[in-house]
Each structure stands twice: as structure tokens, then as C-alpha cells.
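Student: next one to model:
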Amino acid sequence: MFPEVLDLGFATIKGYGLMIGLAIPLAFLLVGIESRRVGLQAMDDNRVWLFFWIAGAFYIGGKAGYILRYPEKYEALRASEGLLGVVREGFVYYGAVMVALPGTLYALFRYKIPWGLGIDTLVFALPIGHALGRVGCFFAGCCYGCHSDVPWAVTFTEGQGLNHEAVHPVQLYEAAASVVIFLYLWLWVRKRPRFPWQVLLTYFALYAVLRFMTEIFRGDGNPEPFSDGTQHVQGTPPGSLTEAQLVSIVMFVVVVPILLRGFRSGRARKLA
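Tutor: Numbers count the residues shown, from 1 in each chain. Reported below is the predicted structural model:
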């Protein structure tokens, strides 16, 4: 749609990069608001350094996930755009989260911030940042949907993936749902704390459901661990459970019992 949104002559601003550029200061602002609200002065004072640690871990995890899970796409990107293209594009969200979580815990420990409250203060950056990232994917034409004749189907002409064929705007589905998740966490969950890690666990549970559903509409050929080996055709939906759906199932199954236990223990404390 809009792989390049502005040509400055000496540099080109791409849609994906613009969205990430908007996500970072917005996340920084949200964390500052929440850290002051809950009285985490150490977090507010060290926000810049925390973001260096967390953003670095997020970037490394997302990039490593992309290289490991999509070696063909990685090689094609390196061949077409060189090292700069590899640095700038190609990330896997679940890979980013898996590396960012221990990286965040280390950063919180380093600045003497309690893990539970610290994580629940930082987590608001995830859904809003992810929403903007998916809008960036839409601009770039990557992570595209499967063929569709719905009235709101889109046709990419300069995208990184499937062009000139009507597909589901699955990137926007995930972006819109991520905004809804953010609003629920920000307007409801944060005002009713019951136990440490509640916000993070709630986000994980909701995102697992969201990602499982959006994978149904993906047409870009995400890995399918239980596939019969048939070559995926661009624009067709997954033929079996995708790797991302499998991770979503595991995440949901692990997180929901912990959430329920936390709610029960929180209720018991109130009754006592």
C-alpha cells in the first residue's frame, strides 16, 4: 500500500519504520504515566535506560525468530536489500516476546524495581506498540492475508508479498484488536489490581486468542509443524495448525490457570 511514505531525497521514510518510530515515544509516554501513578520512581527515573535494555532484547528476539523460522525470506531480503534491509525489516513477534521477557526482568533487577509491579507497568507498551507495528506491516504489504472477496478486501500493488490479488487485510484485523486489548488493560484491568503480574498474564491470554484467530486469515505461509509437506501457495490459508497457533495454545493453557489462581488468592485476601 505505502511501502515508502516520504522521499526526502537523501533518505526515504518507509511506512513500517514510521510506525515503529511512533510506537517508541508513545510507549515511553505510557510507561512514564503509569510508573508515576503507581509510585515507581526508580522506573520513571531510569526509563531511558530501561528502554535501551528492553528494546534491545525485543529486537534481538524478533530478528532471531525471523532468521530461524523464515530462512528463505531472510535470504531473499538480504539479496534484495543488503545488510541495511536485514537490519531494518523482518521480525517475529513471539520470538521478540520470548527474549524480551527475561531481558526485561534483568533490567528491572538492575535498577532495583520489583518484578511484578514493574512488569505490569511496562506491559501497556506491548499491545499499542504491536498495533502500530501491524499497521506498518500493512503499509509494507508483508504478513498479508489469504484471498478474499469481502467488500473490505485489499489489493497490494507494491507490497513485499502477494500483489495484485484481493486479500484479507489481516494486519489491520490484528492492529484493531490489539488496540481493543490495550484499552481493556488500560481502562479496566489497571484500575482493579488483584495480584502481581495480572496485567501481563491478562495480555498474554488475550493475545493468544487473538493470534490464534488471525492466523486463520493469513496467506503468507507461516510454518506449519503438522503439515503433510505440500508446498504452500501464496494467498491460500494455512492447511493445518500453524506454529504461531501452536505457541498460542501453549501460552493460553499455561497462562489461564495462573490467572484463575491469582484471582482466587486475591479474593481470599479481600475476604480475610
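
Student: who's in contact with the residue lying closest to residue 193 once chain neighbours are set aside?
Tutor: By the measure of C-beta to C-beta, 6 or more residues apart in numbering, the closest residue to residue 193 outside its immediate chain neighbours is residue 120, 7.6 Å from it. No exception for glycine: its C-beta is placed from N, CA and C like everyone else's. Contacts were defined as C-beta atoms under 8 Å, 6 or more residues apart in numbering; by that measure residue 120 touches 190, 193, 196, 197, 198, 199, 200.

Student: could you report the pLDDT at the second one?
Tutor: Here the pLDDT value assigned to residue 193 is 87.

Student: and the gap between it and residue 108?
Tutor: Using C-beta to C-beta, to the nearest Å, we find residue 193 at a distance of 17 Å from residue 108.

Student: again with the first one
Tutor: The spacing between residue 190 and residue 108, counted by C-beta to C-beta, is 18 Å.

Student: the more surrounded of the two?
Tutor: In this comparison of residue 190 against residue 108, neighbours counted by other C-beta atoms under 10 Å, the higher total goes to residue 108 at 25 against 19.

Student: looks like the more buried one contacts residue 116 (just checking).
Tutor: No - using C-beta atoms under 8 Å, residue 108 is not in contact with residue 116, being 9.6 Å away.

Student: now do the strands in the chain.
Tutor: Using DSSP state E, the strands found in the chain span residues 4-7, 12-14, 154-155, 166-167.

Student: what is the burial count for residue 262?
Tutor: Residues contacting residue 262 under the criterion other C-beta under 10 Å number 17.

Student: start at 41, not 1
Tutor: Okay, using 41 as the starting number, the last item reads as residue 302.

Student: need phi/psi at the residue nearest to it when sequence neighbours are not counted.
Tutor: The spatial neighbour of residue 302 that comes closest, neighbours along the chain excluded (C-beta to C-beta, 6+ apart), is residue 235 at 4.0 Å. Backbone geometry at residue 235, expressed as degrees, to the nearest 10, gives phi -160, psi 160.

Student: can you pull the contacts of residue 289?
Tutor: 248, 252.

Student: er, residue 240 actually
Tutor: Residues touching residue 240, when contacts are defined by C-beta under 8 Å, 6+ apart, comprise 159, 160, 163.

Student: residue 144 is in contact with the first one, correct?
Tutor: Right, the one you point to is residue 159. Yes - proximity of residue 159 to residue 144 meets the contact threshold set by C-beta under 8 Å, at 6.7 Å.
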